[in-house]
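Asks: from the sequence below, what's the structure:
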Amino acid sequence: MNRKLALVLLATAAACGDNLDAPPDAGSNAPGADAAPQPPRAVIVAGNFVAGNPGVMSAIDLATKTVTMNVAPQGAIGEDPVLRHKGDELFVVNRASGNNVTILSASDYSLVEQLGTGPSTNPQDVVAIGEKLFVATLGNKGGVILTRGSNVITEIDLSADDPDGKPNCSSVFYAGSKLYFACGLLDDTNQFLPPRGPGKVYLVNPSTGTVDGSITLTTKNPIALFEQIPLGAPNGGDLLLPTIDFGTGMGCIERIVTAGTPASAGCMVDNAVLGGFAFASRVAFQGNHARVAVSDYPQGNVRDYDLAAGALDTAAMTAMAQVISDVTICPGGEMVVADNPPPPSTAPNGVRIYLDAAEKTTDALPIGLRPASSHGLVCY
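Replies: From the prediction side, this is the model:
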């Protein structure tokens, strides 16, 4: 649902693509190596999808089950954010009218840098390799390359298979020696943005920014972000990518083989098996298990997929009264989920903490906004 809204905003909202001014209360980079170890925590971002309105970043102490709201500097979180975590940094992709990637310290949330992606690019996902950021975009030719400490924006042209010149790329991931860009190839001349056919994954050389090949998916409209199966698990190293054709509800979690000659291995599990017209909004991993947040708005739950057995558990891991839209797994084994009951429901919204299928919170912990972002949770 967030992707559809972002696409509408792309078509209707004026967007600014310059690097924003550093927030006045921004701190320095992450503390040095001699800093005290940080306690495990989950971090969540959320927006209200109104162009120009600020979003929130809140931190959850797993031990005390308490939330500290608005931990990010002013101007760091936009109206439609997604979140990636790498090393000692958090990467906030401010989609829709935000048109920037904000890098924060993972330890104290201070500003590292904020880089604009260009006017009306509508960034969706980011990969950091050294000083370079590779960003998947909906609004231009597919992607851009940013450089830390610079305002230079280099476009990546992935438009060869889309007549309107906008391949609508929704995710990017680095595996092996290649960047994988997932693109929907939507018809931007139609207000409903229907997919022209099966989605594509383009393989890009990170050294040159050139396309080295492509993979045609078995389904239409990649909708969520790539996640990589952990090494040691069955098919470890491969990428998972949820898809859905909003016109029919058909789609699945596609598996992309990354070893040898990259290719689509087809559907790991169909949307119909996940839950009727549901589509997977987030996949997280715990051992040989994939925890899939299945959104069939206004319902949602977490399902367990056994990677070794190749089977989906018929029972939901979360309470059916909850409306789960996002999930992440913590180093200690906790599963943190976003519970987002839709209006006009007056049920509490926020985050919940599970251990296996047992909830450790007594109610949803509020984070400052309704947790509606589709990939807004990380835990470390």
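
Asks: ok, Ile156 to Val126 distance?
Replies: 13 Å (Cβ to Cβ, to the nearest Å). For the C-beta atoms, the positions are set from N, CA and C on the backbone; glycine is no exception.

Asks: need the overlap of contacts for those two.
Replies: Common neighbours of Ile156 and Val126, counting by Cβ atoms under 8 Å, 6 or more residues apart in numbering, are Phe134.

Asks: so in that sheet, which strands flank the helix or strand Val201 falls within, and in what orientation?
Replies: In this assignment (DSSP states H and E), Val201 forms part of strand 198-204. According to DSSP bridges, strand 198-204 forms sheet pairs with strand 178-183 (antiparallel), strand 211-220 (antiparallel).

Asks: tell me where the stretch 201-350 of the chain has helices.
Replies: For the stretch 201-350 of the chain, the helices defined by DSSP state H, counting those that start in this stretch cover 271-275.

Asks: that one: strands as residue ranges?
Replies: 211-220, 227-228, 239-242, 252-257, 263-270, 279-286, 289-296, 299-306, 311-316, 324-329, 334-339, 350-355 (DSSP state E, counting those that start in this stretch).

Asks: out of those, deepest packed?
Replies: Highest mean neighbour count of the strands of the stretch 201-350 of the chain: strand 239-242, a mean of 28 (counted as mean count of other Cβ atoms under 10 Å).

Asks: elements contacting it?
Replies: Counting contacts by 3 or more Cβ pairs under 8 Å, 6 or more residues apart in numbering; DSSP states H and E, strand 239-242 packs against strand 169-175, strand 227-228, strand 252-257, strand 279-286.

Asks: the bottom helix or strand of this protein by mean pLDDT?
Replies: When each helix and strand of the chain is scored by mean pLDDT, DSSP states H and E, helix 2-12 comes last, with a mean of 37.

Asks: tell me the angle of the next helix-or-strand element following it relative to strand 334-339?
Replies: Downstream of helix 2-12, the first helix or strand assigned by DSSP H and E is strand 41-46. Counting by axes from the mean of the first three to the mean of the last three Cα atoms, to 10 degrees, strand 41-46 lies at 20 degrees to strand 334-339.

Asks: quick one: list the elements packing against strand 41-46.
Replies: strand 56-61, strand 81-86, strand 334-339, strand 350-355, strand 377-379.

Asks: what's it in contact with?
Replies: 55-62, 71-72, 77, 81-83, 85, 90, 92, 106, 109, 326, 328, 330, 334, 336, 338, 351, 353, 367-373, 376-380.

Asks: so how far is that strand from its chain's centroid?
Replies: Here the centre of strand 41-46 is set off from its chain's centre by 13 Å, with Cα atoms, centre = their mean, to the nearest Å.

Asks: what of stretch 81-95?
Replies: 9 Å.

Asks: okay, buried residues for that stretch please.
Replies: Pro81, Val82, Leu83, Arg84, Asp88, Glu89, Leu90, Phe91, Val92, Val93, Asn94, Arg95 (16 or more other Cβ atoms under 10 Å).

Asks: for it, what is the average pLDDT?
Replies: For stretch 81-95, the mean pLDDT works out to 98.

Asks: then stretch 260-277?
Replies: Mean predicted lDDT for stretch 260-277 stands at 92.

Asks: so what would you say the end-to-end distance of that stretch is?
Replies: End-to-end span of stretch 260-277 (Cα to Cα, to the nearest Å): 34 Å.

Asks: who's in contact with it?
Replies: 178, 180, 201, 203, 213, 215-219, 235, 238, 240, 244, 249-257, 278-280, 292, 294, 296, 299, 301, 303, 305, 310, 312.

Asks: same check, this time on stretch 209-221
Replies: 145, 154, 156-158, 160-161, 178, 184, 186, 195, 197-205, 241, 243-246, 250-252, 254, 256, 262-264, 266-267.

Asks: one more time with 6 Å
Replies: 145, 156, 184, 195, 198-205, 243-245, 251-252, 254, 263-264, 266 (Cβ atoms under 6 Å, 6 or more residues apart in numbering).

Asks: same question, stretch 151-159
Replies: When contacts are defined by Cβ under 6 Å, 6+ apart, stretch 151-159 is touched by residues 19, 118, 141-145, 165, 167, 181, 183, 202, 209.

Asks: how far does that stretch sit from its chain's centre?
Replies: Its chain's C-alpha centre and that of stretch 151-159 lie 21 Å apart, by Cα atoms, centre = their mean.

Asks: pull out the buried positions in that stretch.
Replies: Ile153, Glu155, Ile156, Leu158, Ser159.

Asks: quick check: closest non-adjacent residue to Ala175.
Replies: Among residues not flanking Ala175 along the chain, Thr258 sits closest, at 4.3 Å (Cβ to Cβ, 6 or more residues apart in numbering).

Asks: can you measure across stretch 259-279, start residue to end residue?
Replies: OK, stretch 259-279 end separation, Cα to Cα: 27 Å.
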